[in-house]
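Undergrad: Okay, sequence plus prediction incoming.
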Amino acid sequence: MVALTSSRSLDIATDDWRVNSSCRDTDPDLFFPVGTTGPALDQIASAKAVCDSCHAKAECLEFALTTNQDSGVWGGTSEEERRKLRRAWVAQQRRAALAS
């Protein structure tokens, strides 16, 4: 799992993880299915299969979480999976704030 942090400064110009990504030569439409049922589930699974073999998977997921990408498959995660990660991170931040 990738840890969310709010202190990372994102420099898109120097983020070269995309150069080594498995999806670079894949039709981008694969990663942005319409819907979450039926054929879209197959498309999501196919996109995740590309991510599973990618050396830049962690960096891609970090980028998606840092920049609040709310659609598509990023770093091997669906939109709902990233929402769950964000909610867990926010809850952890709240617990930490209450504890201090």
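TA: Good, I have the coordinates.
Undergrad: Point out where this protein drops to low pLDDT.
TA: Low-confidence segments of the chain (pLDDT under 70): 1-15.
Undergrad: Which residues outside stretch 69-78 are in contact with it?
TA: Applying Cβ atoms under 8 Å, 6 or more residues apart in numbering, the set of residues contacting stretch 69-78 from outside is 2, 31-33, 36, 44, 47-48, 51-52, 54, 57-64, 79, 82-83, 85. (Each C-beta comes from the backbone N, C-alpha and C, glycine too.)
Undergrad: Can you flag the buried ones in the residues you listed?
TA: With burial judged by 16 or more other Cβ atoms under 10 Å, the buried subset of these is 2, 31, 33, 44, 47-48, 51, 54, 57, 59-64, 79, 82, 85.
Undergrad: So which of those sit within helices?
TA: With helices taken from DSSP state H, the overlap with the buried ones among the contacts of stretch 69-78 comprises 44, 47-48, 51, 57, 59-64, 79, 82, 85.
Undergrad: Closest to Ser21 out of these?
TA: The nearest member of these to Ser21, counting by Cβ to Cβ, is Cys60 at 6.5 Å.
Undergrad: Quick one: neighbours of the closest residue to that closest one other than its chain neighbours, just the number.
TA: Nearest-residue entry for Cys60: Gly75, 4.0 Å, with adjacent residues in sequence omitted and distances by Cβ to Cβ, 6 or more residues apart in numbering. Neighbourhood size, Gly75 [other Cβ atoms under 10 Å]: 24.
Undergrad: And the one 3 residues further on, by the same measure?
TA: Look at Ser78: counted by other Cβ under 10 Å, it has 20 neighbours.
Undergrad: Could you do Gln69 as well?
TA: 17.
Undergrad: Ser53 now?
TA: Using other Cβ under 10 Å, Ser53 has 9 neighbouring residues.
Undergrad: tell me the contacts of it?
TA: Residues near Ser53 by Cβ under 8 Å, 6+ apart: Ser22.
Undergrad: Roughly how far does it sit from Thr36?
TA: Going from Ser53 to Thr36 by Cβ to Cβ, to the nearest Å gives 24 Å.
Undergrad: what does Arg86 give?
TA: 17 Å.
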